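Participant: predicted model and sequence below, questions to follow.
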Amino acid sequence: GEAGGGLLYREGTLDDLEQLTDLSLEAFPDDAVGMDWVRLTVDREGYLKQHREDVRLGLERRLKKGSPKYAILVASDPQTSTLVAMVELGVLPCPVPMSRRPSPEQPYLVNLAVRPNFRRRGVG
């Protein structure tokens, strides 16, 4: 539903895949640089194209899995339908050793991404 700042908050879907990919790449530009700087230097265009495809395939795989232990939440501008923020939520095995483990699974919030021109507005 609509909330703070006039944005629409909802669960992300496969229909959002291209925008989710673009948003993720825009919010985390250094991820591509840090992975393989040699290849990035030699074939920048090819490397960035492959990085985009890797990000897209990862998002697609997680969305298609349809796990009740995973969701992507998005914020969109209702006037333009542009996604301005996203967050992935999941329940994963707890990394703490069994003897000290509070529970077998823990909630995780990952990939909180907000477009630069929407940051510092409480969207995240």
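Facilitator: Structure received. A quick note: this is a predicted structure, and the numbers were derived from the prediction, not measured.

Participant: from here on, contacts and neighbour counts on C-alpha atoms
Facilitator: Will do.

Participant: tell me the gap between the strand or helix carrying E53 and the middle of its chain.
Facilitator: Per DSSP states H and E: E53 is located in helix 44-65. Centroid separation between helix 44-65 and its chain, computed with CA atoms, centre = their mean, to the nearest Å, is 11 Å.

Participant: in its sheet, what does whichever helix or strand comes after that helix sit against?
Facilitator: Using DSSP H and E, the helix or strand that follows helix 44-65 in sequence is strand 70-77. Note on strand 70-77: by DSSP bridges, its sheet partners are strand 7-11 (antiparallel), strand 82-93 (antiparallel).

Participant: thinking again about what came up before, and the helix holding E53, what does it pack against?
Facilitator: helix 17-27, helix 37-42, strand 70-77 (3 or more CA pairs under 8 Å, 6 or more residues apart in numbering; DSSP states H and E).

Participant: CA-only coordinates of the longest one in CSV, if you can.
Facilitator: In this case it means helix 17-27. The C-alpha coordinates for helix 17-27 follow below in CSV (Å, rounded to 0.1, in the frame of the first residue of the first chain):
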residue,chain,number,x,y,z
LEU,A,17,13.2,-8.3,-12.5
GLU,A,18,14.7,-5.8,-14.9
GLN,A,19,14.1,-2.9,-12.6
LEU,A,20,15.4,-4.9,-9.6
THR,A,21,18.5,-5.7,-11.5
ASP,A,22,19.0,-2.0,-12.5
LEU,A,23,18.3,-0.8,-9.0
SER,A,24,20.8,-3.3,-7.5
LEU,A,25,23.5,-2.3,-9.9
GLU,A,26,22.9,1.4,-9.3
ALA,A,27,22.9,1.0,-5.5
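
Participant: quick check: buried residues in that helix?
Facilitator: Within helix 17-27, the residues scored as buried using 16 or more other CA atoms under 10 Å are 17, 20-25, 27.

Participant: got the angle for that helix vs strand 82-93?
Facilitator: Interaxial angle, helix 17-27 versus strand 82-93 (axes from the mean of the first three to the mean of the last three CA atoms, to 10 degrees): 90 degrees.
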